[in-house]
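K.L.:
how would this look folded up:
(one chain, ligands or ions: 2)
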Amino acid sequence: MPNYVPIMLDCEDRVCVVIGGGQVAERKVRELLAGSARVTVISPLVTPNLQEYYDQGKLNWIPRKYAAGDLEGTFMVHAASNDAGVNAAVAAEAKTKGILANVADQPDLGSFIHPSVLRRGRLLIAVSTSGAGPLAARAIRRKLDEDYGTEYEEYLDALYHIRKAIQQQVNNPAVRQKLLRKASGPEMFETLRQGTSRPWSPEDIRQWINDNQEE
Ligand SMILES: C[C@@]1(CC(=O)O)C2=NC(=C\c3[nH]c(c(CCC(=O)O)c3CC(=O)O)Cc3[nH]c(c(CC(=O)O)c3CCC(=O)O)/C=C3\N/C(=C\2)[C@@H](CCC(=O)O)[C@]3(C)CC(=O)O)/[C@H]1CCC(=O)O
Ligand SMILES: NC(=O)c1ccc[n+]([C@@H]2O[C@H](COP(=O)([O-])OP(=O)(O)OC[C@H]3O[C@@H](n4cnc5c(N)ncnc54)[C@H](O)[C@@H]3O)[C@@H](O)[C@H]2O)c1
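P.N.:
Ligands and ions are numbered 1, 2, ... in the order given. As a prediction, this is how the structure comes out:
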């Protein structure tokens, strides 16, 4: 088993190719589109949802089988056909060209795998079993669903703006560090959670910085 390195990849405007158009391909395409990638699906057939994305102009669809050379100029590929030989050939082309590759049926032939993901706005919790059991990863993720509710979305939005304001408004490095720590601590989470439902205004943030930098 490889010792996987966890990363968060920015795929915006990157060319990402998906070989195959079944349920697995559809799941991977959804994540790529959510990340604003430029998606091309190569597959003779696609699911109704993929067809709809194509009709809406959200992705490019080449309605044929994979052919050697299809990966030229590609940032990342998902080999998600139901033909093991084809998926292996895609993985081999990706390897010679240094292209990131996920292989649905033979993960060891690729360079990365997908975790099960829980999103709350800016908060992303990824659970992986390193391939031991994808459904176990999903079950663990579903348990976390209960602990991490929508309040985290508001909390992290507020924290983002507070940190930006501290970085812009506070020049003294020691004070800035103290405020950044305080802003990221559990107290702030509780304050934001128990406060009014309206988001903090720039004035609220300025006030919080003033109230807290002297302590
Ligand atoms: C988490 C999730 C993310 C996602 O796909 O985005 C994900 N698989 C999910 C669902 C799922 N996978 C499978 C089923 C059918 C039931 C079953 O057979 O168990 C279902 C259920 C369904 O489809 O509904 C079967 C399966 N999966 C893999 C193989 C091949 C193998 O194990 O060798 C086979 C056997 C194929 C066969 O024999 O035909 C391989 C991988 N699947 C991974 C991720 C990677 C490891 C993740 C980890 O363990 O950390 C890895 C290695 C590569 C990759 O895909 O990146 C997503 C749940 C999302 C969620 O709901 O949260
Ligand atoms: N990694 C995972 O999460 C996971 C989960 C379930 C299954 N799988 C594996 O993933 C693969 C795909 O599963 P699925 O349920 O989406 O299959 P599927 O049968 O629903 O879809 C297969 C797709 O591959 C296309 N295809 C076939 N030959 C092709 C070729 N030569 N070039 C391009 N496209 C081609 C078909 O047109 C079809 O759209 C299977 O090998 C399955 O065992 C992986």
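K.L.:
neighbours around I99, how many?
P.N.:
21 (other Cβ atoms under 10 Å). Every C-beta, even on glycine, is put in place using the N, C-alpha and C of the backbone.
K.L.:
would you list the phi and psi of it?
P.N.:
In terms of degrees, to the nearest 10, the main-chain angles of I99 are phi -100, psi 140.
K.L.:
right, and it touches G73 too?
P.N.:
No - contact criterion Cβ atoms under 8 Å: I99 and G73 do not qualify, at 9.4 Å.
K.L.:
which residues does whatever residue of the chain ends up closest to ligand 2 contact?
P.N.:
Nearest residue of the chain to ligand 2 (Cβ to the nearest ligand atom) works out as G22 at 2.1 Å. Contact analysis of G22 by Cβ atoms under 8 Å, 6 or more residues apart in numbering lists 43, 47, 80-82.
K.L.:
quick check on the residues you listed: which are buried?
P.N.:
Among these, those classed as buried by 16 or more other Cβ atoms under 10 Å are 43, 47, 80-81.
K.L.:
next SSE after the longest helix along the chain?
P.N.:
When the chain is parsed with DSSP state H, its longest helix is helix 151-169. The helix or strand immediately downstream of helix 151-169 is helix 173-184, counting by DSSP states H and E.
K.L.:
just checking, what packs against that following helix?
P.N.:
Under the contact definition 3 or more Cβ pairs under 8 Å, 6 or more residues apart in numbering; DSSP states H and E, helix 173-184 sits against helix 151-169, helix 202-213.
K.L.:
and the angle for it with helix 202-213?
P.N.:
120 degrees (axes from the mean of the first three to the mean of the last three Cα atoms, to 10 degrees).
K.L.:
ok, residues contacting helix 173-184?
P.N.:
159, 162-163, 166-167, 170, 188, 209, 212-213.
K.L.:
cutoff 10 Å now
P.N.:
158-159, 162-163, 165-167, 169-170, 172, 188, 205, 208-209, 212-215 (Cβ atoms under 10 Å, 6 or more residues apart in numbering).
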